[in-house]
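Visitor: Okay, structure incoming, though there's no sequence with it:
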């Protein structure tokens with residue numbers, strides 16, 4: 001593992017906290033907004049050297065910082081990134097200025113508290129992706145709950161309290177199971193919370209032990225993805241959250257579940273990963289089809305996009321658990337693509353809502369006549385969401401399905417039906433919102449202003465850049481994914497030699 005010469009990761013992770021603390025001393029809402037935007041932009045700029053200096057030829061963690069924190073229990077402040085976590089860090093820092101901009105006029109009460117919550121949220125999300133100590137990871141994982149709960153519960157819609165409590169309770173239950181699994185690994189792994197050390201000791205974990213720890217991990221991460229049937233909190237949270245909350249939720253928070261599967265389940269628990277693979281593949285395919293089917297039935301724009309997220313994240317878990325290079329790389333790329341495209345769609349919904357104060361599809365029609373620039377953006381992001389070739393989502397879904405065809409062809413065939421459903425519900429939505437007969441109530445709404453263009457144009461560029469030339473991202477992923485598959489290799493064969501009583505812990509082999 002390579003050491004950093006200067007604490008660049010700590011700088012990136014904690015710069016938003018400094019901005020949030022500085023906001024405490026400002027009384028002007030205008031200055032608070034500019035401070036939040038400046039802090040988010042500086043954090044993004046500070047993260048760019050990670051991309052430029054990253055060594056793409058090694059799977060080892062890079063830019064490592066390690067300091068003693070609680071020596072009695074061998075707990076350290078340890079951070080670092082590999083190819084898998086680097087892209088998620090950059091996604092988070094790139095989206096944060098956009099989230100601040102989209103809230104510029106939409107949030108008009110308790111502006112200081114809202115911007116502080118956004119900045120604290122950014123630190124918590126970044127910390128999850130860079131932590132190399134399990135306790136540190138868990139601290140960031142839990143810290144993320146508080147600002148998100150406040151963003152939904154204070155600045156959300158009419159049913160915001162219900163949605164915030166539901167989000168908090170679902171995630172908290174998963175977090176408690178994660179804590180139990182973490183403590184079990186601490187004792188089984190030689191009294192260490194070091195994530196790389198626990199990965200290295202994976203072959204020594206008994207199959208029965210792996211089974212139960214994986215079950216706890218699975219429930220924690222499945223809630224976060226969210227996988228079917230643990231998804232019911234997501235539509236409520238999206239509908240009630242302000243636009244910024246929906247963008248953060250869709251673009252970054254859901255990725256923590258997929259990241260948990262890749263970072264912990266596969267490398268630490270290869271035997272159990274093989275045991276649970278059929279179940280997870282079935283749930284993934286159900287999520288793809290169910291999410292698409294439910295999206296067809298929605299009359300609320302936010303709910304339609306929320307259920308489309310359930311479908312798209314089903315492709316992510318499918319790709320992870322087919323155990324092929326193409327599948328896992330496609331899943332990681334699809335997490336980035338979903339963050340870009342779905343975040344952009346929620347921004348588009350927020351722009352409409354700011355003008356009409358309605359999210360009902362029936363209240364629109366003919367928007368392209370009065371807002372042609374907006375309609376162009378909506379069409380492009382919708383086409384990206386359904387996986388049109390030359391857009392970013394096509395690359396991720398293609399790789400996932402390619403990887404699935406190699407080892408699980410029937411799952412790939414059924415999952416491909418989700419792409420057809422996506423085309424139906426996205427084109428149906430676009431036709432009813434942007435085209436057709438114009439609703440007289442929407443005849444005088446202005447088109448996108450410069451601030452709104454500044455939020456969507458970077459995402460538009462990313463859609464086509466990744467869609468046409470994804471190689472730079474795949475180049476970062478490739479060595480880390482190869483190493484991940486080496487860590488999981490043999491899990492399936494070892495499990496095949498065990499009886500179910502041994503797997504479940506009854507009469508397990510020593």
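Guide: Cool, got the structure. These numbers come from a predicted model, not from an experiment.

Visitor: For residue 33, which non-adjacent residue is spatially closest?
Guide: residue 104 (6.1 Å; Cβ to Cβ, 6 or more residues apart in numbering). Every C-beta, even on glycine, is put in place using the N, C-alpha and C of the backbone.

Visitor: can you check residue 210 too?
Guide: Leaving aside its sequence neighbours, residue 210 is closest to residue 272 (3.9 Å, by Cβ to Cβ, 6+ apart).

Visitor: I figured the one you found hits residue 211, correct?
Guide: Yes: shown here, residue 272 and residue 211 form a contact pair, counting by Cβ atoms under 8 Å, at 4.9 Å.

Visitor: neighbour count winner among these two?
Guide: residue 272 (26 against 22; other Cβ atoms under 10 Å).

Visitor: Which neighbouring elements make contact with the host helix or strand of that one?
Guide: Per DSSP states H and E: residue 272 is located in helix 270-296. Contacts defined by 3 or more Cβ pairs under 8 Å, 6 or more residues apart in numbering; DSSP states H and E place helix 270-296 against helix 207-224, helix 301-320, helix 409-434, helix 471-488, helix 491-496.

Visitor: show me what contacts residue 441?
Guide: Residue 441 makes contact with 356, 363, according to Cβ atoms under 8 Å, 6 or more residues apart in numbering.

Visitor: now swap in residue 259 and tell me
Guide: Contacts of residue 259 by Cβ under 8 Å, 6+ apart are 84-85, 88, 128-129, 335.

Visitor: if you count residues, which strand in the protein comes out on top?
Guide: Ranked by number of residues, the top strand in the chain under DSSP state E is strand 62-70.

Visitor: any low-confidence regions in the stretch 401-510 of the chain?
Guide: Applying pLDDT under 70 to the stretch 401-510 of the chain flags residues 490-510.

Visitor: mind listing what residue 69 touches?
Guide: 75-77, 133, 135-136.

Visitor: out of those, which is most surrounded?
Guide: residue 133 leads the contacts of residue 69 on contacts (other Cβ under 10 Å) with 23 neighbours.

Visitor: So that residue sits against residue 73, correct?
Guide: No: shown here, residue 133 and residue 73 do not form a contact pair, counting by Cβ under 8 Å, at 10.7 Å.

Visitor: what sits in contact with each of these two?
Guide: residue 193.

Visitor: where does the protein have low pLDDT?
Guide: 1-5, 490-510.

Visitor: Could you pull out the strands in it for me?
Guide: 62-70, 75-81.

Visitor: Show me the contact partners of the last one.
Guide: Contact with strand 75-81 is made by 1, 9-10, 13, 50, 54, 61-69, 89, 127, 129-133, 135-136, 193-195, as judged by Cβ under 8 Å, 6+ apart.

Visitor: rerun that using 7 Å as the cut-off
Guide: 1, 9-10, 50, 61-69, 89, 130-133, 135-136, 193-194 (Cβ atoms under 7 Å, 6 or more residues apart in numbering).

Visitor: Show me how to select, in ChimeraX, the buried members of those residues.
Guide: Listed next is the ChimeraX selection for buried residues among the contacts of strand 75-81, using 16 or more other Cβ atoms under 10 Å:
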select :9,10,50,61,62,63,64,65,69,89,130,131,132,133,135,136,193,194
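
Visitor: And the closest residue to residue 85 other than its chain neighbours, how close does it get to residue 251?
Guide: Nearest residue to residue 85, sequence neighbours excluded (Cβ to Cβ, 6+ apart): residue 129, at 4.7 Å. Residue 129 sits 13 Å away from residue 251, going by Cβ to Cβ, to the nearest Å.

Visitor: Repeat that for residue 48.
Guide: Taking Cβ to Cβ, one finds residue 48 at 19 Å from residue 251.

Visitor: The two - which one has more neighbours?
Guide: residue 251 (30 against 13).

Visitor: That one touches residue 343, doesn't it?
Guide: Yes: between residue 251 and residue 343 there is a contact at 3.8 Å, judged by Cβ atoms under 7 Å.

Visitor: what is in contact with those two at once?
Guide: In contact with both residue 251 and residue 343: residue 95, using Cβ under 7 Å, 6+ apart.

Visitor: Max pairwise distance over the contacts of residue 69: which two?
Guide: Spatial extent of the contacts of residue 69 (Cβ to Cβ) is set by the pair 77 and 135 at 9.4 Å.

Visitor: hmm, back to that, how many neighbours does the residue nearest to residue 85 have?
Guide: Residue 129, neighbours per other Cβ under 10 Å, totals 26.

Visitor: same check, this time on residue 306
Guide: With other Cβ under 10 Å as criterion, residue 306 counts 26.

Visitor: I figured residue 411 was touching residue 281, is that so?
Guide: Yes: using Cβ under 7 Å, residue 411 is in contact with residue 281, at 5.3 Å.

Visitor: what residues do the two have in common as contacts?
Guide: With Cβ under 7 Å, 6+ apart, residue 411 and residue 281 have common neighbours residue 318.

Visitor: on that earlier part again, over to the residue nearest to residue 33: give its phi and psi.
Guide: Dihedral pair for residue 104: phi -50, psi -50, per degrees, to the nearest 10.

Visitor: about what we covered before: pick the most deeply packed of the helices and strands packed on helix 270-296.
Guide: helix 301-320 (a mean of 27; mean count of other Cβ atoms under 10 Å).

Visitor: Does anything pack onto that helix? Which helices or strands?
Guide: helix 233-240, helix 255-260, helix 270-296, helix 325-356, helix 392-407, helix 409-434 (3 or more Cβ pairs under 7 Å, 6 or more residues apart in numbering; DSSP states H and E).

Visitor: Could you give the separation of the third one from the chain centroid?
Guide: When distances are taken as Cα atoms, centre = their mean, to the nearest Å, helix 270-296 is centred 17 Å away from the chain's centroid.

Visitor: So what's the residue count around residue 394?
Guide: 20.

Visitor: One more: residue 187?
Guide: Using other Cβ under 10 Å, the number of residues around residue 187 comes to 9.

Visitor: Quickly note the distance from it to residue 206.
Guide: 13 Å.

Visitor: Could you do residue 238 as well?
Guide: In terms of Cβ to Cβ, residue 238 sits 41 Å off from residue 206.

Visitor: picking that back up, touching, the residue nearest to residue 33 and residue 450? I think so.
Guide: No: Residue 104 lies out of contact with residue 450 (Cβ under 7 Å); the separation is 11.3 Å.
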